[in-house]
Structures are given as C-alpha cells and as structure tokens.
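A.B. asks: dropping a prediction and its sequence here:
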Amino acid sequence: MTPSEGAKSNGYRKIQGDDAQAIYDGRRAPKGLISTIAPPIQIFHPIFDEFIRLVNDHNVQPTTDDLKNVQEVMYFASEVGRMEERHDGHNEGLRKRLRHILRAEVHEEPNPDGTRLQIGDARIAFFILELKRELGEGGCDPTTQGGLSMKHSWIDPTRRAIREKCCCPTFLVAGGGPWLNVLGGVFTDKIIVQRLTDMRWMALSSTEEDFRVYHNARVFIALRKCLVKLQDFYRGLDDVPPFVANKPHPRYFPYPTSFIAKDGSLVRFRYLASLEEDAACVTYLAEISNGTAAMGEPVKVVVKFVARYGKEVHELLAREGYAPPLRYYGRLPDTELSGIFPGPAQHAPPGLCLRSDLMHMVVMDYIDVQFNTRAPDARKQIEAVLMMLHSEGCVFGDLRRQNILFDAHSKVKFIDFNWCGRFDMNIRDEQLPNGLQNQINMNMNRVQAGDTSYAYYPLSMSTLDGMWAPGMEPLAQIRPQHDWMMLDKLPW
C-alpha cells in the first residue's frame, strides 16, 4: 500500500489496526487493541527539544530578509488551488522559496506520493515534505501521509546501514493550501511521529499580518538551524556498536547514556531492556558501565523519563530506606531551557503540565525483587511509610500494587514518584488513622511553606471504573486519605 493510499481513512484504519504496520502517532483503529501513544520523541534525539526551544526562544530573532522570505511564502500560499509551476510533478515554486528560507540547497526526490526533500549532499531523507494544493485534497490528511512517507523512505534497503546505526530522526513539513504543520519522527523498533507545532495559517488574510509573519518566521528559523545540526549528526555517525537482531542496540533506546553523579563524577550506563511491554514505556533497565557492585557484578539501575516528578518525596523515603537511592534527577543532556515561562499559564487549572520542553531523566538503583516470597508484615510496613510521609506534609498519590516492591530482605520499597508532592495541611481529611491528624497539625508550621505548590492528579490519569478511590480524578488535589483508601485495595 502506497503512502497516499494508506493515508486515506480506509487504508489508515487497516494500518493502525496492525501492530506490525502501525504509525505511532496517537491515532488508533476503532475498537482496536493497539495503543499508538508513544514516548515523547525528545528522549530519542535532542534535535526535537532543540527545535521546541528555538521556536520559543526570544533571543532567536528573524532578520529582515527572513521576514521578507516568509511573507513571500505566505503570499504564494494565499492563492487558491495554485497549479504547480512545472508539470513534471515537482513543486518548483515551493522548492525555490524553501531554498531562500532554509539557506540550503533543496534536492527533490521524485515520488508519486509526494515530495521527499534532502538538504545538502546527504543521501538520506531526514526532511520530508508532504503538501497538497488544498488541505484534504486527494482524500487524505497530509500529516498522515507524511508519516507513511517517512516509513516508506526509511525501510528502503538502500538506507539499511544508516537505519541500523540510529533512530533515524526526521523532520516533516506537511499541510495543504495555506496550512502548514511541522512534525518530528523517529524509527526505533517502531515508527513514531509527533506534532511539533500546531497547524499554522500561512496566508495573508488581513491588512495587518506582521504578527503572523513574525511567528511563522521563527518556526522556519528553528527548522533551518535544526536541519543543519541534524545533517551534522548524520555525517558523524561512526562510533556506533554493530546492530545484532534481537539484542539491545542504541537505536531502540533514548539517547542519554550518562549523568553527573552527586560527587560531580561522570557516570556512563547502557540500556538493557524496557521495563514495560507497553509501547508508551518510558522506564528502562540499564547497567552502569564504569562501576561494579560489591560482588563484582555491574550495577543495575532504572532510568526513566518524566515531565513531572516528586523528587523531594523520593529522597525523603530513600533516606529512610523506603525507596531505592536516587542517583540523578535533571534535564536531559544536551538540552537547554527555552524562553517559555516555567510556571503554569496564568489562570490555568493547577495540575496541568504545560511545558513541552521540560522532560527530565531519573536514575535510581534497581531493586532485586522477590516475587515468590511475601513479607508477613507487608501492610504494617506500608502503613508506617504512609504515616511518616503524611506527617511530613507529603502524599504519594499512585499507591497501586506495581508501585510497591519488597527487596531480598522483605523490606518495602516505594517506586514511581511521578505524582508525589505536598498537600495542603490546612485542610482536614476525614478518613485518617488515629493520631495522624495530630501529627500533621504538630508539623504544619515546620514543613508547610506559605507558597507551597501542591500535588494534583494528572489530566491523563486513567478513569476506568473501580480503579481509584473516591475523590481521585484528573486535576483533583491529591489528599492523604486517598493513599489510605488505596491501601485498602491492595492484597495485603
């Protein structure tokens, strides 16, 4: 099935219902068993975080020539149903204008399903263009066709050598008529395509369009800078371990492979496996390559990637031996903060994670779990952790079976601190164990700061019936009584 055929609704539905063919872009087949939600592509290559940063960095400003060139593209796109300026299937008009904006020679690779572009002399399609004369023309979504064109391009046998060295980071520009969208894609063990911008209006529709021209120019500047860096990345693909089928390889995993330890030393690690079978898994088993455990074995760690994390709660429990030691928490390597204000948008409901450029890496010790033994005092241990946690003004939030482990000595270890944080100690819960409220009251002045931000359930939490205790719902404040009610759902 060609990309243009596959991008039509019937073809796309069949593709998204087949795990071997699906594009992991969030679109799913009706009543399908396959989830096409994937990890953020930023964790697989830093170029996508760089693009988001540049688009929002107010220190990156368009020149007068940039603004004129973008205005020319918008004038070109404003004409309804513009016929291509040549009749051999190539959009020479767009090619000429892209050359001016991107400051790079744009080579076209003829294809009946669109135009795939290469920048400079690189022989790989790391920039794919999929545009229609009008949005919807041809009966398909050009962004969908762009993702399928990316897949079609990268599975070509002539690109196998590059494909087996990296995750094939690719930029896509798709749209129709005056609409334009920038996307990013990677090829790990699956094709992942995600939107990096909204569908942008590229026409001149009023007498005052400076604002729109300016912001469209910033998107093109970000893309221009990133294409140069991406070209350099592909030219420098040398020191990569050989690809062996069914063995761990860097192309399948996120790009960070080191972190700075608390003593300032550089710690390197290599990935061994994903810790979940879910396609959206962001948690991996790894081993430190420049360190060994007491018995001479490599030190195993868990590496995960998150947008929000209860570092304070993790460190609190780790100090008491109730959580694996936290080795690292920080931004992804090779990334910078963008110009986006780090706090939530004014008046937005609390609990929303509104920063697309704030992915963090967490590294903690791996717990050797005893699956065949059961701690006789399991519930008592969990109760002790909750009493200590709540008296210190903190909540856990996601107290499910998979987040409670017992080590080789049958001692409880809490994991998964994504939802953790502080709660409002001025509010009293009704369903707390005897004496806990008194401890909370006694510690309130010591641990409760006046400008404390509180923990909220994420908007994306599952809403399956019976999964959570009463009061646990998206964007609700996490309360101590929720932890205790979830404890009653556990098998201990």
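C.D. replies: Noted; the coordinates are in hand.
A.B. asks: can you pull out the helices in the stretch 51-200 of the chain?
C.D. replies: Ranges of helices in the stretch 51-200 of the chain, per DSSP state H, counting those that start in this stretch, are 64-77, 92-102, 142-154, 160-163.
A.B. asks: any idea which of those helices is most buried?
C.D. replies: helix 142-154 (a mean of 26; mean count of other Cβ atoms under 10 Å). Yep, even glycine has a C-beta here, placed from its N, CA and C like the rest.
A.B. asks: packing partners for that helix?
C.D. replies: Here helix 142-154 touches helix 3-6, strand 23-24, strand 114-119, strand 127-132, strand 170-176, strand 179-187, strand 191-195, going by 3 or more Cβ pairs under 8 Å, 6 or more residues apart in numbering; DSSP states H and E.
A.B. asks: and it with strand 179-187, angle?
C.D. replies: 30 degrees (axes from the mean of the first three to the mean of the last three Cα atoms, to 10 degrees).
A.B. asks: tell me where the model's unsure across the stretch 1-150 of the chain.
C.D. replies: 32, 81-92, 104-123 (pLDDT under 70).
A.B. asks: sorry, back to before: please name whichever of the helices of the stretch 51-200 of the chain is nearest to residue 396.
C.D. replies: helix 142-154 (38.2 Å; Cβ to Cβ).
A.B. asks: how about the helices in the stretch 301-450 of the chain?
C.D. replies: 311-319, 378-391, 436-447.
A.B. asks: residues making contact with the helix or strand that the last one is followed by?
C.D. replies: Toward the C-terminal end, the helix or strand that comes next after helix 436-447 (DSSP states H and E) is helix 480-487. With Cβ atoms under 8 Å, 6 or more residues apart in numbering as the contact definition, helix 480-487 has outside contacts at 379, 382-383, 386, 389-390, 395-397, 399-400, 423, 429-433, 436, 440, 468-472.
A.B. asks: show me what the longest helix seen in the chain is packed up against.
C.D. replies: Secondary structure of the chain per DSSP state H: the longest helix is helix 210-235. Under the contact criterion of 3+ Cβ pairs under 8 Å, 6+ apart, helix 210-235 touches helix 46-56, helix 64-77, helix 92-102, strand 170-176, strand 179-187, strand 200-201.
A.B. asks: try it again with 10 Å
C.D. replies: In terms of contacts (3 or more Cβ pairs under 10 Å, 6 or more residues apart in numbering; DSSP states H and E), helix 210-235 is packed against helix 46-56, helix 64-77, helix 92-102, strand 114-119, strand 127-132, strand 170-176, strand 179-187, strand 200-201.
A.B. asks: hmm, back to that, okay if I get the helices and strands packed on helix 142-154 as CSV plus distance to residue 412 and mean neighbour count?
C.D. replies: CSV is the format used below for the helices and strands packed on helix 142-154 (distance: least, Cβ to Cβ, whole Å; neighbours: other Cβ atoms under 10 Å):
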stretch, distance to residue 412, mean neighbour count
helix 3-6, 49, 22
strand 23-24, 35, 24
strand 114-119, 54, 22
strand 127-132, 50, 24
strand 170-176, 45, 25
strand 179-187, 38, 24
strand 191-195, 36, 22
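A.B. asks: nearest to residue 276, of those?
C.D. replies: Nearest to residue 276 among these is strand 23-24; the distance by Cβ to Cβ comes to 14.9 Å.
A.B. asks: can you give the distance from that closest one to the centre of its chain?
C.D. replies: Counting by Cα atoms, centre = their mean, to the nearest Å, strand 23-24 is centred 14 Å from the centre of its parent chain.
A.B. asks: that strand pairs with which strands, parallel or anti?
C.D. replies: Next to strand 23-24 in the sheet, as set by DSSP bridges, lie strand 191-195 (parallel).
A.B. asks: quick one, the partner strand and strand 170-176 angle?
C.D. replies: Using the same axes, to 10 degrees: strand 191-195 against strand 170-176 is 60 degrees.
A.B. asks: strand 191-195 versus helix 46-56: what angle between them?
C.D. replies: For strand 191-195 against helix 46-56, the angle by the same axes, to 10 degrees is 10 degrees.
A.B. asks: got the contact list for strand 191-195?
C.D. replies: Contacts of strand 191-195 with the rest of the structure, by Cβ atoms under 10 Å, 6 or more residues apart in numbering, involve 21-27, 36-42, 44, 48, 143-144, 146-148, 150-152, 154-155, 167-168, 170, 172, 174, 181-187, 279, 356.
A.B. asks: re earlier: buried ones in the longest helix of the chain?
C.D. replies: Using 16 or more other Cβ atoms under 10 Å as the test for burial, helix 210-235 gives 212-213, 216-227, 230-231, 234.
A.B. asks: what's the mean pLDDT across it?
C.D. replies: Over the span of helix 210-235, the pLDDT mean works out to 93.
A.B. asks: C-terminal to that helix, what's the next element?
C.D. replies: strand 258-260.
A.B. asks: who are the packing partners of that following strand?
C.D. replies: In terms of contacts (3+ Cβ pairs under 10 Å, 6+ apart), strand 258-260 is packed against strand 266-274, strand 283-292, strand 326-331, strand 360-365.
A.B. asks: list of residues touching it?
C.D. replies: Taking Cβ under 10 Å, 6+ apart as the rule, strand 258-260 contacts 265-270, 288-290, 301, 303, 327-330, 332-333, 361-363.
A.B. asks: ok, now stretch 365-378?
C.D. replies: With Cβ under 10 Å, 6+ apart, stretch 365-378 has contacts from 272, 275, 285-287, 293, 299-303, 318, 323-327, 381-384, 404-413, 415, 490-492.
A.B. asks: sorry, back to before: between the longest helix of the chain and strand 179-187, how big is the angle?
C.D. replies: Using the same axes, to 10 degrees: helix 210-235 against strand 179-187 is 20 degrees.
A.B. asks: can you give me the offset of helix 210-235 from its chain's centre?
C.D. replies: The answer for helix 210-235 is 20 Å, by Cα atoms, centre = their mean.
A.B. asks: JSON lines for the helices and strands packed on helix 210-235, including distance to residue 17?
C.D. replies: Output for these, formatted as JSON lines (distance: least, Cβ to Cβ, whole Å):
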{"stretch": "helix 46-56", "distance to residue 17": "27"}
{"stretch": "helix 64-77", "distance to residue 17": "35"}
{"stretch": "helix 92-102", "distance to residue 17": "34"}
{"stretch": "strand 114-119", "distance to residue 17": "24"}
{"stretch": "strand 127-132", "distance to residue 17": "23"}
{"stretch": "strand 170-176", "distance to residue 17": "23"}
{"stretch": "strand 179-187", "distance to residue 17": "20"}
{"stretch": "strand 200-201", "distance to residue 17": "31"}
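A.B. asks: quick one, which of these gets closest to residue 3.
C.D. replies: Once those are compared by Cβ to Cβ, strand 114-119 is nearest, at 6.9 Å.
A.B. asks: so what's residue 412 up against?
C.D. replies: 317, 321-323, 375, 377-382, 384-385, 404-406, 492.
A.B. asks: which of the residues you listed are buried, as a ChimeraX select command?
C.D. replies: A single ChimeraX command suffices to select whichever of these are buried according to 16+ other Cβ under 10 Å:
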select :317,322,323,375,378,381,382,385,404,405,406,492
